[in-house]
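1. take a look and give me a structure for this.
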Amino acid sequence: MNLNYRVVIRQLGLLLFVLSALIGAVGLFGVVDRWGDATKSTGDVAALFLTAFVGLVVGGLFHVSGRRMSDTFGQREALLLVALSWILGAGLAALPFRLWAISRADAAIPHQFDQYVNCYFEAMSGFTTSGATVVESLATLPRSILLWRSLTQWLGGLGIVVLFVAVLPMLGVGSRRVFMAEAAGPSPEGVKPRIRDTARILWMIYLGLTVAETLALKVSGMGWFDALCHTMTTLATGGFSTQDASIAAFPSIAMQVIIIVFMVLAGINFGLYHQLLQGGWRGVRKDPELRCYLVIILAATAIVTFSIMRTPDADRAVGFADSLHHSLFQVVSIQTTTGFCSADFDTWGFAAKATLFALMFIGGSAGSTSGGIKVVRVLIVAKILLAEIEHAYRPKVVRPIKIGKGAVETDMKLNTLVFFVGFILAFSTGTILLMLFEADNGIDITTAASASVTVLSNIGPGLAKVGATQNYAWFTASGKIVLSALMLLGRLEMFTLIVLFSPRFWRTE
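-> Next comes the predicted model:
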């Protein structure tokens, strides 16, 4: 059977319509934000409106060209649609950055957005909720651009295609295939017979948490704009901030506690919230992945706390309370792959940094907005390892591998092991490519390895030259392309993107 390109092109056009409408809405915010203030430049507003216009035109062309489509929408079309949605979506999302840079009054002064590759990197980092940035000073960006930057992460948190499925009915039976192609984790919970119902429920929960955190941050003393931007990037576990110092710019303990709580909530399988709404609190309380997720946070926090207390030259207060506070914040931030920073953890001791580096691989729960390998996969791999060890000295014992009360099927075990190996291979390949492309920049192995895993796990800050107080502006164009590819590879959990490079994918069946 031929690959139905027309249906993919048509749906891409509809997706561009949705993104263009959102970009236009941010442009309206820019108009209202500078109302009556003639001293403010309007370049950002023009950039947003022009981008929205371009998106509508291109989306219209796509929609018309795919108008005479058949109803065929199989697995191959779903995989192609998801991959192209993120690639093309990031391309459109990057335009406001580039057009704003062109319109600047001080255009003679170089800016990171003077190169489109930097804009694309920033947009891909936003949509994939990676949080890696090329912007050296956020103070140079107007509020509308900062808002769009945060909104890209909020949209990418649950997935731009999941939003697409939730609000548009055109995919029909293909909705399930698209949803599963983009879903994070091996077994999304709470999937209903009608996949659009699932997508809508997830987005309603997401929206409810967004409202709750925004109000909580406002009550704690944060301004409405900062509260909204940080809420969007917290729940998306993205980590973009409106301040160069990230969360450290808000020394209020209340604000940081609120952000910790919502980072933890964002790292939990959203299907469990649906269970709670249906009264299934016992099942949630006994969920093995949730228990393991919380245990990892507590254990890692204990290790990091005592490690930095024993580090005499750490950039921190010596007291236990301050050490615990910063340890908990950074552990939760890294574990959930959010990437916010309350302190420069690159100055901490070896044990603390090693613990955080390990957490970069694990990530949050399946079905959450977090990146990484996912806690449930780590659980499955650990149980397979223990089973094989037991099999070595008890070859006649056949013991099923269980997660909770349910046995892990053979297909799931194979899928998990393949993903685990693929993740390590992608991390290793990314590290090697960065070492090759950035050799003239004096990159070291710590920087290359941490940059590779942080973008692959969609975290952002790493160690050494990509540490908590650093950025990615110094990478070459080739390095940024590699990093952008790793971001997308990690967000789509590899298989959705890798299959496009298989010749058999494009062959007529």
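2. by mean pLDDT, which helix or strand of the protein comes out lowest?
-> Least confident helix or strand, the chain: helix 174-182 with a mean of 52, by mean pLDDT, DSSP states H and E.
3. and the pLDDT for residue 145?
-> Residue 145 is assigned 97 on the pLDDT scale.
4. cool, residue 77 as well?
-> Taking residue 77 on its own, its pLDDT is 82.
5. check whether it really touches residue 6, as I assumed.
-> No - look at residue 77 against residue 6 with C-beta atoms under 8 Å: they stay out of range, at 9.7 Å. C-beta coordinates here come from the backbone N, C-alpha and C atoms, glycine included.
6. so which of the two has more stuff around it?
-> Neighbour count, other C-beta atoms under 10 Å: between residue 77 and residue 6, residue 77 has more, with 22 against 17.
7. can you tell me the helix or strand for residue 132?
-> Under DSSP states H and E, no helix or strand contains residue 132.
8. report the contact partners of it.
-> 121, 125, 339, 454-455, 460-461, 466, 471-472, 483, 487 (C-beta atoms under 8 Å, 6 or more residues apart in numbering).
9. would you mind listing the buried residues in the strand or helix carrying residue 78?
-> In this assignment (DSSP H and E), residue 78 forms part of helix 75-103. Within helix 75-103, the residues that count as buried by 16 or more other C-beta atoms under 10 Å are 76-101, 103.
10. and it, what does it pack onto?
-> Contacts defined by 3 or more C-beta pairs under 8 Å, 6 or more residues apart in numbering; DSSP states H and E place helix 75-103 against helix 5-33, helix 43-65, helix 116-127, helix 143-158, helix 160-167, helix 174-182, helix 477-491, helix 495-498.
11. identify, from the contacts of residue 132, the entry nearest to residue 197.
-> residue 487 (29.9 Å; C-beta to C-beta).
12. count the neighbours of the closest one for me.
-> Residue 487 is flanked by 30 other residues according to other C-beta under 10 Å.
13. pull the contacting residues for it.
-> 124-125, 128, 130, 132, 455-456, 458.
14. which residues does residue 276 contact?
-> residue 284.
15. now whatever helix or strand it lives in: average pLDDT?
-> Per DSSP H and E, residue 276 falls inside helix 270-277. Per-residue pLDDT over helix 270-277 has a mean of 88.
16. repeat that for stretch 471-480.
-> Mean predicted lDDT for stretch 471-480 stands at 97.
17. picking up where we left off before, in TSV: the contacts of residue 132, plus distance to residue 25.
-> Formatted as TSV, the contacts of residue 132 follow (distance: C-beta to C-beta, whole Å):
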residue	distance to residue 25
121	24
125	21
339	26
454	31
455	29
460	26
461	30
466	33
471	28
472	28
483	29
487	25
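18. neighbour-wise, which of the residues you listed leads?
-> Counting neighbours by other C-beta under 10 Å, residue 455 leads those with 34 neighbours.
19. how far does the helix holding residue 78 sit from its chain's centre?
-> 15 Å (C-alpha atoms, centre = their mean, to the nearest Å).
20. that one vs helix 5-33, what angle?
-> Taking axes from the mean of the first three to the mean of the last three C-alpha atoms, to 10 degrees, one finds helix 75-103 and helix 5-33 inclined to each other by 30 degrees.
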